[in-house]
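# could you work out the structure for the sequence below:
(one chain, ligands or ions: 2)
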Amino acid sequence: MFEASRYKAYYGGRGSAKSHSAAKAALIRAGKSRLRVGCFREIQRSIKDSIKQLLDDQIEMLGMQGFYESLQNEIRGKNGTEIIFSGLGQMTTDQIKSMEGIDIALVEEAQTISERSLEILIPTIRKPGSELWFLWNPRNASDPVDQRFRGLHPPNDAIIRKVNYTDNPFFPAELEEERAYDEINNRDRYGHIWLGDYEPMAIGAIWDRATLHSSRMSEAPEMSRILIAIDPAISSEEGSNEHGVVVVGTSEKRGYVLEDGSTRGTPKQWATRAVNLYDKWQADAIVVERNQGGDMVRHTLETVRPGLPIIEVVASRGKHVRAEPIASLYSFGRVSHVGTFPELEDQMCLMTAAGYEGEGSPDRVDALVWAMTELFSDLTRRKVKNVTVPQTMTSGAWMG
Ligand SMILES: Nc1ncnc2c1ncn2[C@@H]1O[C@H](COP(=O)(O)OP(=O)(O)OP(=O)(O)O)[C@@H](O)[C@H]1O
Ligand SMILES: [Mg+2]
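Ligands and ions are numbered 1, 2, ... in the order given. Model prediction:
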């Protein structure tokens, strides 16, 4: 971060010291000469979303409390240095353009930066010697920051580096514990979270990342119907399986994924989780698949709460076959995720027309598909014609 270069693009997995290194370098450089530093992200709802706290901590670690003054929304240096924090996605073009005097633009979580924000920010940072620093955990090759720095024509005068936890000499024990856990229990996501790989996506997946990201919302409209769907994992190894539990709603003919409450544990645990979500969202009903558990599934729920409205569904077709009509609702832009559901979305993007390509079973997708199938029953229900079977074949008479 100390070498001179117009662009610095550091991408990689969790805990690779991207934020710490950038914060430290910015503070040291802005201590030596008067700089205007802008710390940006796409959305900044409050100053808590920014890296201000990290900068405040670093100021102490560097023993620079006498030099820097930390105010509510900015940091000032005795030499006139100014550090400001802002969400690019919420700023008008004019507001971004008014930042022409910035020397260092530090963009955190750059994987979520929109093309619009990049297009306005980059030419605005035009002071001689000014720099743009981008830090991110890669998500998808189609994200604007990846296109720009990891595409076919990265800019000249750029330091573009992949960094991982192994590059961080201060990688803390707490994170190491989390990493080791994920290495065993979270195979699908491990490469993405810890090694800086793109999010898992199978070739021929029926859902794609770009669609999920582009229809995402941060707040849901008022729902006309809310369902909780459960795909309970039934196996002898009780407690180790994951049970898919998702909350889905509908409003004005669009579907919304509201919460992924999937959990590991005993039947009592998934049933309790489902009932809690039912209360929390004031849901209309609970949808359960009865193929594997039969009456046990209903019974388990009724033990936790008698008299729940339960819709029982029976799977007669394969998981991915059931999933396809729901995936097409997404591709028509009729479903939004309200918030991010990383594990669920990974499972979705590993579901192909030929089956599931992830580890284990896609319980979260299954629950999602049941819920959406019920919500959009008009669209997804197959009109099964009454098939008349010749008498001789059903009577059994021909068997003698
Ligand atoms: N210079 C440093 N001195 C002390 N500890 C450090 C230093 N740099 C990094 N660390 C430790 O490493 C951890 C991870 O660093 P940091 O948060 O900067 O990583 P990151 O790459 O930004 O990760 P993420 O992708 O999760 O945002 C920090 O929480 C801190 O404990
Ligand atoms: Mg970081």
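
# who are the contact partners of the one residue in the stretch 151-300 of the chain that gets nearest to ligand 1?
Across the stretch 151-300 of the chain, the shortest distance to ligand 1 (CB to the nearest ligand atom) belongs to residue 170, at 3.2 Å. Where you see a C-beta, it was placed from the backbone N, CA and C, and this is true even at glycine. Residues near residue 170 by CB atoms under 8 Å, 6 or more residues apart in numbering: 17, 20.

# can you name the residues of the stretch 151-300 of the chain sitting close to ligand 1?
Applying the criterion CB under 6 Å from any ligand atom, the portion of the stretch 151-300 of the chain that neighbours ligand 1 consists of 168, 170, 171, 172.

# first-to-last residue distance for stretch 86-105?
Terminal residues of stretch 86-105 are spaced 11 Å apart (CA to CA, to the nearest Å).

# skipping its backbone neighbours, what lies nearest residue 192 in space?
The spatially closest residue to residue 192, leaving aside those adjacent along the chain, is residue 199, at 4.9 Å (CB to CB, 6 or more residues apart in numbering).

# equivalent analysis for residue 368, please.
Of all residues not flanking residue 368 in the chain, residue 246 sits nearest, at 5.0 Å (CB to CB, 6+ apart).

# A strand includes that neighbour, no?
Yes: assigned with DSSP: H, G, I helix; E, B strand; the rest coil, residue 246 falls within a strand.

# could you check the pLDDT of it?
Here the pLDDT value assigned to residue 246 is 97.

# wait, it touches residue 256, no?
No: using CB atoms under 8 Å, residue 246 is not in contact with residue 256, being 11.0 Å away.

# which one's more surrounded, the two?
Set side by side, residue 246 and residue 256 show unequal neighbour counts under other CB atoms under 10 Å, the larger going to residue 246 at 30 against 20.

# now do the contacts for that one.
Residue 246 makes contact with 228, 229, 257, 259, 260, 261, 262, 344, 364, 367, 368, 371 under the criterion CB under 8 Å, 6+ apart.

# drop anything exposed from those residues.
Among the contacts of residue 246, those scoring as buried are 228, 229, 257, 259, 260, 261, 262, 344, 364, 367, 368, 371 (criterion: 16 or more other CB atoms under 10 Å).

# between which two of those is the distance greatest?
Of all pairs drawn from the buried ones among the contacts of residue 246, the greatest distance, 14.3 Å, lies between 228 and 344 (CB to CB).

# in a strand, residue 28, correct?
No: assessed with three-state DSSP, residue 28 is helix; it does not lie in a strand.

# if I look at it, how far off is residue 293?
If you measure residue 28 against residue 293 using CB to CB, to the nearest Å, the figure is 60 Å.

# who has more neighbours, these two?
When residue 28 is set against residue 293 and neighbours are counted by other CB under 10 Å, the residue ahead is residue 293, at 17 against 14.

# who's residue 285 bridged to?
The residues paired with residue 285 through beta bridges, assigned by DSSP bridges, are residue 227.

# pLDDT score assigned to it?
The predicted structure scores residue 285 at 96 on the pLDDT scale.

# in the protein, what helix or strand scores lowest on average pLDDT?
When the helices and strands of the chain are scored by mean pLDDT, DSSP states H and E, helix 391-395 comes last with a mean of 38.

# out of everything not next to it in sequence, what's closest to residue 301?
With sequence-adjacent residues excluded and distances taken as CB to CB, 6+ apart, residue 301 is closest to residue 271, at 5.0 Å.

# residue 56 and ligand 1, how far apart?
Using CB to the nearest ligand atom, to the nearest Å, we find residue 56 at a distance of 14 Å from ligand 1.

# show me how far stretch 249-257 is from its chain's centre.
Between the mean C-alpha point of stretch 249-257 and the mean C-alpha point of its chain there is a distance of 19 Å (CA atoms, centre = their mean, to the nearest Å).

# now swap in stretch 172-191 and tell me
The chain centroid and the centroid of stretch 172-191 are separated by 17 Å, computed with CA atoms, centre = their mean.

# and for stretch 213-230?
On CA atoms, centre = their mean, the centre of stretch 213-230 falls 15 Å from the chain's centre.

# what do you get for stretch 227-235?
With CA atoms, centre = their mean as the basis, stretch 227-235 stands 22 Å off its chain's centre.

# likewise stretch 22-33?
Going by CA atoms, centre = their mean, where stretch 22-33 is centred and where its chain is centred differ by 32 Å.

# that older thread, I'd say the residue nearest to residue 192 and residue 345 touch.
Yes: contact status for residue 199 versus residue 345: in contact at 7.4 Å, counting by CB under 8 Å.

# what residue spans form the domains of this protein?
Listed domain ranges for the chain are 7-167, 209-388 (source: automatic domain parsing).
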